[in-house]
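Colleague: Please work out how this folds:
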Amino acid sequence: MRIPEATRAQLSGYVQGSGTCLPWSWVEERMNAARTYWISVRGEGFPCSRPVWGLWWPPEPVFSTGGALATHMRRDDRVQVSVEAGDDVVIVEGRVRGLADADAARWAREYSEKYSWEMPETSKDVYVVRPKRIQAWSCDNSGRDGGAAFHASATAWRFDLRG
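Modeller: Numbering: from 1, shown residues only. You can find the predicted model right below:
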């Protein structure tokens, strides 16, 4: 999947002034380094969010889960994936699908390398998110910059989900 050109993120009036878009490598570094991803889906009457371990196969997050999260994803394939950090933010919005059987060995090998945790070589309960939009920004964690880092870095990439 081709990585689209970066644009300034449109965040309901929160982004002020001009800034420089973050490079794609900034997203790659944070998604690869993240130990935990937060997955959010539509639940029954309320959002459902869970922390999961997973991999980054650019530009797609890959993770395994079961229980309520999997049940909700089978009902509605729209998901949001974000890194656990609140100051260096990456949010992936897209549609989830099951991992192809042909990718099960790669999944198990790379998961084991990242987490030192042996995963079965199966595609069962493993999901891939095809992105529609990825947003990223950086914030001064002291809060003393008046939002300058956020305003200067808020970036979005929009993907074509057709085809």
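Colleague: going forward, measure contacts between C-alpha atoms and count neighbours the same way
Modeller: Noted.
Colleague: List phi and psi for residue 84.
Modeller: The phi/psi pair for residue 84 (degrees, to the nearest 10) reads phi -70, psi -10.
Colleague: longest helix in this structure, by residue count?
Modeller: In the chain, taking DSSP state H as the definition, the longest helix is helix 104-115.
Colleague: I'd like the next helix or strand past that helix.
Modeller: Sequence order places strand 126-138 as the next helix or strand after helix 104-115, per DSSP states H and E.
Colleague: And the contacts of that following strand?
Modeller: Under the contact criterion Cα atoms under 8 Å, 6 or more residues apart in numbering, strand 126-138 has outside partners 9, 22, 27, 59-65, 79, 87-99, 149-150, 153-161.
Colleague: Mind checking which of those are in strands?
Modeller: Per DSSP state E, strands hold the following members of these: 60-64, 79, 88-98, 155-158.
Colleague: And the pLDDT at the residue located most distally from the centre of the chain?
Modeller: Distance from the C-alpha centroid of the chain peaks at residue 144, with 27.6 Å (Cα atoms, centre = their mean). pLDDT recorded at residue 144 is 79.
Colleague: Point out where this structure drops to low pLDDT.
Modeller: 11-19, 145-151, 163 (pLDDT under 70).
Colleague: what about 50?
Modeller: Applying pLDDT under 50 to the chain picks out no residues at all.
Colleague: that older thread, report the buried members of the contacts of strand 126-138.
Modeller: For the contacts of strand 126-138, a neighbour count by 16 or more other Cα atoms under 10 Å gives the buried set as 9, 22, 27, 59-65, 79, 88-99, 149-150, 153-159.
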